[in-house]
Each structure stands twice: as structure tokens, then as C-alpha cells.
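**Q** Fold the following and give me the result.
(2 chains)
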Amino acid sequence: MRHALALPAAALLLAGCAPKPAEQQAAAPAAVDSAAVKTGLDSLRAEYMRRFAAGDAAGIAGLYLAAGNIDFYGAPKMRGRAGIEAGLKAAFVAQKPISVDIVATATNARTNSDASEIGRYHEMDNVKGKTFHAWGRWVTSAAKDSTGAWRLAYLMAFPDSTKTDK
Amino acid sequence: MRIRSALPTLALALIWAACSPPATQQAAAPPAVDSAAVKAAVADLWQRWSAADTAADLAALVEMVGDSARIDVMGLPPMVGRAAWKTAAEAGFKTMKYTSMNITPEMTVPISNELAYENGSYTEGSVQGKQKLMAYGRYAGALRKYPDGKWRIAYIMVFADSTPVVK
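**A** I've put the predicted structure just below:
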């Protein structure tokens, strides 16, 4: 008799301790693998630099989420992938890309699929036959798309200094 | 008597402790994000920021920036921490009188109940010497609710697209 009473009590206690419903369990995020996030963003940045050097506006736009946005000093707002492609194409007519060196100085991996970064860049363009340099700062947020690939969600950048080679 | 009274409480506490997941697991389960509340808090921050800017209230402007916040403003070196921000803002107030400030968020993304990403535009009227200026610019940043319950700038990047003279 004493044992019979003890079992329901233990069952009730276990029920109280039991894991929560599935939808609540799903809300618990996995531990953040910061190294993997950085590796993913490094790869994305390297691809961005390659496509910039190739003057590939459509290719760069493809590195953004469909609803990605850019705010560059000296350029109109670029909204959405199509807007980014159009904006970059227009910019590349005035300034033909030579290269861009992008360095991340801080990465904040918020989850395994979303992060923000800040950093600096050195961009070189051909403007009327002369090499134009811009050194500046940038901030970005990035997220994994439905395929698991890292894509840029937002980028803002401005130059600190510029120079045109003689 | 005191011991007997305390026993049920102790038992409940032990059961609660047994049922409670470790602290790390508890922290991992985020509560639902109250987007409206986050957006309202950010809007309130900007309202106070605009008021402090035009009132030349340096202390209030400094208080609205996180201890280790980073501020990237075009034309100024990177600022990290309140002290750096205070120095820059103080210098600004010595040469400029800010007469108006309007901050217009374009997109606010409530990441959690304590963090929001936002980008938008702003206008800032000022008087420098005898010149009246109006800056039109853009910003992007992370706004955070700190342990004291106050929302502050954790990171912000700002540039002015143009600053024409107002006639």
C-alpha cells in the first residue's frame, strides 16, 4: 500500500519535470559555433572581393538575401537584390572596379545562422584612366538563407579618406 | 516550530530545483519577442536622443550610449566607450548649436526583447557661427536593453549624405 502511493507521487513529480511541449523545445537554440560562423563569413567576404574585382554587379547582388539592403555613402539607397544589382551597375559605370580588400575587425555570431560584423576596406577603382583609392569602414549583418549559405542582409559603408593616383 | 514551518517550503524548493534545468539550459530558451514593445522602446530612445541633442544636454547623450558602445561616424575616428563619445560630443557642442533632430527608422528588427537592429535616416539642423545648416544622413545600429532596464546604443554607424546651408 505504501509503495502504491509512492508510485503515483513519483509519476506526478516526473510529469512536472518532463520536458516542455515540442514547440517550446524548438525554441531552445543550439550552442553557437563562433569559429564556424567566422569561417562562413570569411568565405562570403572572399567571394565578394572576387566578384567586385570582376565588376560583377549581378554576382555581388547574388551574395545578398532577396530583401538585402545597402547604404553606401555617395550612392542612393539600394533595396532588394534587384535594387542592389542596378545600383552597383550604375556605380561601376562611373568607377570601374579594380579590387577591394575587406577586413573584418569584429564578428558577433549571435546564432549559428545570423551574425553581424564591422571592419575596414580599401577599394581601388579606375576613374577616367586613373586609379582611385578609398579607405573606409563598414558594418554588416548576415544570415544563412534557406539553402544554408551565408548571405548579406545589410551593408553600410563610408570612406574615411580617398586618393587618386597621379 | 520555526523548523517545522520551514520544511514544506524547503521541500518545494528542492522539488523546484530538481525540476529546473541547469542555468545554461534556462538561458538557452528565449522568451517570445514582443516586437511592439521593442520598437516602442527604440522610438522612445530616439525621442530622448533628439531632445538631448537640441538641448545640448551632454550628460543625457552620454547616458544613452552603452559603456562599451562603438560609434562610427563619418569624419570622426572610431569611438569606443562612453568617454570617447563624451569627448566627441562635447567638442561638437562647442562649435555647433543643434536646433532640430528628426530620426526616421526605415527598418527595425527586434532580435530579442533586449536587442534590436535598425537602419534609417535623419535630419539634423544646426547653427555654426552665422551659418544655418541642415544635415541629411543615414544610420545603422544595434540598440540594446541594458541590465538596468534602459535602452542604449550598443553600436551605430552614421554618415551625412549632404549638409547644405539653409538660406
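
**Q** Going by C-alpha atoms from here, please, whenever you check contacts or count neighbours.
**A** Fine.

**Q** in the chain, which spans are strands?
**A** By default, I'm working from chain A. A:64-72, A:78-79, A:96-111, A:114-127, A:130-144, A:150-164 (DSSP state E).

**Q** Chain B, not that one
**A** B:65-73, B:79-80, B:97-112, B:115-128, B:131-145, B:151-162.

**Q** Now for A:M78, how many residues are close by?
**A** A:M78 has 20 neighbours, counted by other C-alpha atoms under 10 Å in any protein chain shown.

**Q** ok, it - contacts?
**A** Listed by C-alpha atoms under 8 Å, 6 or more residues apart in numbering or on different chains, the contact set of A:M78 reads A:69-71, A:84, A:87.

**Q** Same check on B:R152?
**A** B:R152 touches B:45, B:63-66, B:143-146, counting by C-alpha under 8 Å, 6+ apart.

**Q** again, but for A:A53
**A** With C-alpha under 8 Å, 6+ apart, A:A53 has these contacts: A:97-100.

**Q** Next, format those as JSON lines and append distance to A:D145.
**A** Shown next, in JSON lines, are those (distance: C-alpha to C-alpha, whole Å):
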{"residue": "A:P97", "distance to A:D145": "27"}
{"residue": "A:I98", "distance to A:D145": "29"}
{"residue": "A:S99", "distance to A:D145": "27"}
{"residue": "A:V100", "distance to A:D145": "25"}
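
**Q** so which of the residues you listed also contact chain B?
**A** The subset of the contacts of A:A53 within reach of chain B, counting by C-alpha under 8 Å from any C-alpha of the partner chain, is empty.

**Q** thinking again about what came up before, most neighbours of all the contacts of B:R152, which one?
**A** Ranking those using other C-alpha under 10 Å puts B:L143 first, with 28 neighbours.

**Q** which residues does the nearest residue to it once chain neighbours are set aside form a beta bridge with?
**A** The spatially closest residue to B:L143, leaving aside those adjacent along the chain, is B:I153, at 4.7 Å (C-alpha to C-alpha, 6 or more residues apart in numbering or on different chains). Counting by DSSP bridges, B:I153 forms beta bridges with B:V65, B:L143.

**Q** B:I153 - how many residues pack around it?
**A** 26.

**Q** Do I have it right that it meets B:A140?
**A** No - counting by C-alpha atoms under 8 Å, B:A140 is not a contact partner of B:I153; they are 10.7 Å apart.

**Q** which residues touch the residue nearest the centre of chain A?
**A** Centrality entry for chain A: nearest residue to the mean C-alpha point is A:A142, 2.0 Å, by C-alpha atoms, centre = their mean. Contact partners of A:A142, counting by C-alpha under 8 Å, 6+ apart, are A:114-116, A:150-154.

**Q** Please report which of the residues you listed has the highest neighbour count.
**A** Counting by other C-alpha under 10 Å, top hit in the contacts of A:A142: A:L152 with 28 neighbours.

**Q** Just the pLDDT at it, thanks.
**A** pLDDT, A:L152: 98.

**Q** Equivalent analysis for the one 10 residues further on, please.
**A** Looking at A:T162, its pLDDT stands at 98.

**Q** give the contact list for it.
**A** Applying C-alpha under 8 Å, 6+ apart to A:T162 gives the contacts A:132-135.

**Q** possible to save these as CSV with distance to chain B and neighbour count?
**A** CSV is the format used below for the contacts of A:T162 (distance: C-alpha to the nearest C-alpha, whole Å; neighbours: other C-alpha atoms under 10 Å in any protein chain shown):
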residue, distance to chain B, neighbour count
A:F132, 19, 20
A:H133, 17, 21
A:A134, 13, 18
A:W135, 12, 18
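
**Q** can you pull the buried residues of the top helix by length along chain A?
**A** Using DSSP state H to define each element, chain A has its longest helix at helix A:34-53. Buried residues in helix A:34-53, counted by 16 or more other C-alpha atoms under 10 Å in any protein chain shown: A:34, A:37-38, A:40-42, A:44-46, A:48-53.

**Q** what's the answer for stretch B:91-111, then?
**A** B:93, B:96-99, B:101-103, B:105, B:108, B:110-111.

**Q** Give me the helix or strand of chain A that scores worst on average pLDDT.
**A** helix A:2-17 (a mean of 34; mean pLDDT, DSSP states H and E).

**Q** whoops, I mixed them up, chain B
**A** Per-SSE averages on chain B (mean pLDDT, DSSP H and E): minimum helix B:2-19, a mean of 35.

**Q** quick one, phi psi at B:D34?
**A** Main-chain torsions, B:D34, degrees, to the nearest 10: phi -90, psi 80.

**Q** low-confidence ranges in chain B?
**A** The model of chain B has pLDDT under 70 over residues B:1-29.

**Q** counting contacts, what elements does the lengthiest helix in it pack onto?
**A** Secondary structure of chain B per DSSP H: the longest helix is helix B:35-54. Contacts defined by 3 or more C-alpha pairs under 8 Å, 6 or more residues apart in numbering or on different chains; DSSP states H and E place helix B:35-54 against helix B:58-63, strand B:97-112, strand B:115-128, strand B:151-162.
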